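Student: Everything below, folded, please.
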Amino acid sequence: MVAKPTLFLRHCLKKAARRRDRHFDVSDYDIILFDTASAKNRITSGALLASDYVISPVSMEKFSTKSMSYLSVVLTEMRDQFDRNPELIIVW
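Tutor: All right, here's what the predicted structure looks like:
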């Protein structure tokens, strides 16, 4: 179950993209990357909720495939709880 992550990061990015915060303007950026640990915490959850795309590098090792399975569950829960469904891109 996804812990109640804050939508604060997503709200800030939307506000910044519309130039509504003179101290945090991202309107000139096409891409913003979040590099997070594969951990279940508020930072990772906030980044996932703020994202339109999720890029996940995967190797055929036990930990990597287990993390991929976990990510799939987290994204499904986010879709169900927050109506957010970022596109998952897997890089082998």
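
Student: so where's this protein uncertain?
Tutor: Applying pLDDT under 70 to the chain flags the ranges 1-6.

Student: Next up, the contacts around the residue nearest the centre of the chain.
Tutor: Per C-alpha atoms, centre = their mean, the C-alpha nearest to the average position across the chain is that of residue 48, at 1.5 Å. Counting by C-beta atoms under 8 Å, 6 or more residues apart in numbering, residue 48 makes contact with 5, 54, 74-75, 78, 84, 86. Every C-beta, even on glycine, is put in place using the N, C-alpha and C of the backbone.

Student: Restrict the strand or helix carrying it to CA atoms and write it as CSV.
Tutor: Here residue 48 sits within helix 42-50, counting by DSSP states H and E. What follows is helix 42-50, C-alpha atoms only, in CSV (Å, rounded to 0.1, in the frame of the first residue of the first chain):
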residue,chain,number,x,y,z
ARG,A,42,7.9,10.1,0.8
ILE,A,43,10.6,11.4,-1.5
THR,A,44,10.3,8.6,-4.0
SER,A,45,6.5,8.6,-3.7
GLY,A,46,6.4,12.4,-4.3
ALA,A,47,8.7,12.1,-7.3
LEU,A,48,6.5,9.3,-8.8
LEU,A,49,3.4,11.3,-8.2
ALA,A,50,4.9,14.4,-9.9
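
Student: the inter-axis angle of the next helix or strand after it versus helix 42-50?
Tutor: Downstream of helix 42-50, the next assigned helix or strand under DSSP H and E is strand 53-57. Interaxial angle of strand 53-57 relative to helix 42-50 (axes from the mean of the first three to the mean of the last three C-alpha atoms, to 10 degrees): 130 degrees.

Student: With that, I have no additional questions.
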